[in-house]
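Enquirer: no FASTA, just this:
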Ligand SMILES: O=C(O)C(=O)C[C@]1(C(=O)O)C=C[C@@H](O)C=C1
């Protein structure tokens, strides 16, 4: 699929071509991010079930601290704002913990 330039009809055609090329790359990257996040959530759902079955707490703050330190270092190497990388990971982990809690509730409900 090629991105349209409906909002910029009067721009130089060469500029529009460059904009389209960049937007096509952005669309590919966004698709990759969605697929990678879907794979990550498949893993964390398994972790959530394992934790619930063995009555382990949904959150592990020590693990999170290590992940954040690692991601911040990777971001710096990649010239990405480390504060943004931390915010992004924290946002994802908060959602994972919500899923873990819900799995734990469902699992506890099924126990005699
Ligand atoms: O590694 C775990 O224990 C997880 O539950 C996964 C995960 C994560 O999404 O990376 C989520 C919650 C924990 O606090 C730490 C990490």
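Expert: Looks like it came in fine. Values in this document were obtained by computation on a predicted structure and should not be read as measured data. Residues are numbered from 1 along each chain as shown.

Enquirer: any stretches of this protein with poor pLDDT?
Expert: Along the chain, the parts satisfying pLDDT under 70 run over 1-3, 112.

Enquirer: can we see that at 80?
Expert: In the predicted model of the chain, residues 1-9, 111-112 satisfy pLDDT under 80.

Enquirer: residues of it that sit close to the ligand?
Expert: Counting by C-beta under 6 Å from any ligand atom, the chain comes close to the ligand at 44, 47, 59, 60, 63, 64, 67, 93, 96, 97, 100. (C-beta placed from N, C-alpha, C; glycine too.)

Enquirer: can you say which of the residues you listed are buried?
Expert: In the residues of the chain next to the ligand, burial by neighbour count holds for 44, 47, 60, 67, 93, 96, 97, 100, counting by 16 or more other C-beta atoms under 10 Å.

Enquirer: ok, which pair from those is furthest apart?
Expert: By the measure C-beta to C-beta, 67 and 100 form the most distant pair in these, at 15.1 Å.

Enquirer: give the next helix or strand downstream of the host helix or strand of residue 45.
Expert: For residue 45, the element it lies in under DSSP states H and E is helix 13-53. Downstream of helix 13-53, the first helix or strand assigned by DSSP H and E is helix 61-77.

Enquirer: quick one: list the elements packing against that next one.
Expert: With contacts taken as 3 or more C-beta pairs under 8 Å, 6 or more residues apart in numbering; DSSP states H and E, helix 61-77 sits against helix 82-109.

Enquirer: what's the separation between the residue most central in space within the chain and the ligand?
Expert: When C-alpha atoms, centre = their mean is applied to the chain, the residue found nearest the centroid is residue 37 (4.8 Å). Per C-beta to the nearest ligand atom, to the nearest Å, residue 37 is found 11 Å from the ligand.

Enquirer: contacting residues for that residue?
Expert: By C-beta atoms under 8 Å, 6 or more residues apart in numbering, residue 37 lies in contact with residue 92.

Enquirer: residue 82 versus that one, what's the distance?
Expert: Between residue 37 and residue 82 the computed distance is 20 Å (C-beta to C-beta, to the nearest Å).

Enquirer: brilliant, that's me finished.
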